[in-house]
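Asks: Give me coordinates for this.
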Amino acid sequence: MKHLAAEQNVSEEQITARLIELGGLDFLIKGAESLGAARCRTKGAVFAAARAMAFYLDPDNAEMFKTGDK
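Replies: A predicted model of the protein is given here:
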């Protein structure tokens, strides 16, 4: 939440509320279950989840892969 909030210039509470409103917790849980516990423990998995959540919350403006141009 901290990463997404900073990226979108909103509070963590706003991101959390939006996530709950759109059913994002179920989305995250199903994704984590499909990957398995061992694969979800890595730092890369956390960043991938943040990217997936950005896409889930705002698909029109999300970037799955940052290019460094911004």
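
Asks: which of the residues in the longest helix seen in the chain are buried?
Replies: Counting by DSSP state H, the longest helix found in the chain is helix 43-57. Neighbour-count burial for helix 43-57, counted by 16 or more other CB atoms under 10 Å, picks out 48-49, 51-54, 56-57. Any C-beta I mention is one placed from the backbone N, CA and C, and that applies to glycine too.

Asks: Stretch 5-21 now?
Replies: With burial defined by 16+ other CB under 10 Å, the residues of stretch 5-21 counted as buried are 15, 18-19.

Asks: Looking at the residues you listed, which is nearest residue 8?
Replies: Set against residue 8, the nearest of the buried residues of stretch 5-21 by CB to CB is residue 15 (7.1 Å).

Asks: Can you give the distance of the helix or strand that closest one falls within from its chain's centre?
Replies: Secondary-structure assignment from DSSP states H and E places residue 15 in helix 12-21. Centroid separation for helix 12-21 versus its chain: 11 Å, with CA atoms, centre = their mean, to the nearest Å.

Asks: other SSEs contacting that helix?
Replies: If you count contacts as 3 or more CB pairs under 8 Å, 6 or more residues apart in numbering; DSSP states H and E, helix 12-21 packs onto helix 2-8, helix 43-57.

Asks: and the last one, how far from the chain's centre?
Replies: What it means is helix 43-57. 3 Å.

Asks: Kindly report the same for the first one.
Replies: Between the mean C-alpha point of helix 2-8 and the mean C-alpha point of its chain there is a distance of 9 Å (CA atoms, centre = their mean).

Asks: contacting residues around that helix?
Replies: Residues outside helix 2-8 that contact it (CB atoms under 8 Å, 6 or more residues apart in numbering) are 11-12, 14-15, 47, 50, 53-54, 57-58.

Asks: Turn the buried residues of stretch 5-21 into CSV, including distance to residue 25.
Replies: Below are the buried residues of stretch 5-21 laid out as CSV (distance: CB to CB, whole Å):
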residue, distance to residue 25
15, 12
18, 11
19, 6
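
Asks: about what we covered before: now the angle from the longest helix of the chain to helix 12-21?
Replies: Taking axes from the mean of the first three to the mean of the last three CA atoms, to 10 degrees, one finds helix 43-57 and helix 12-21 inclined to each other by 70 degrees.
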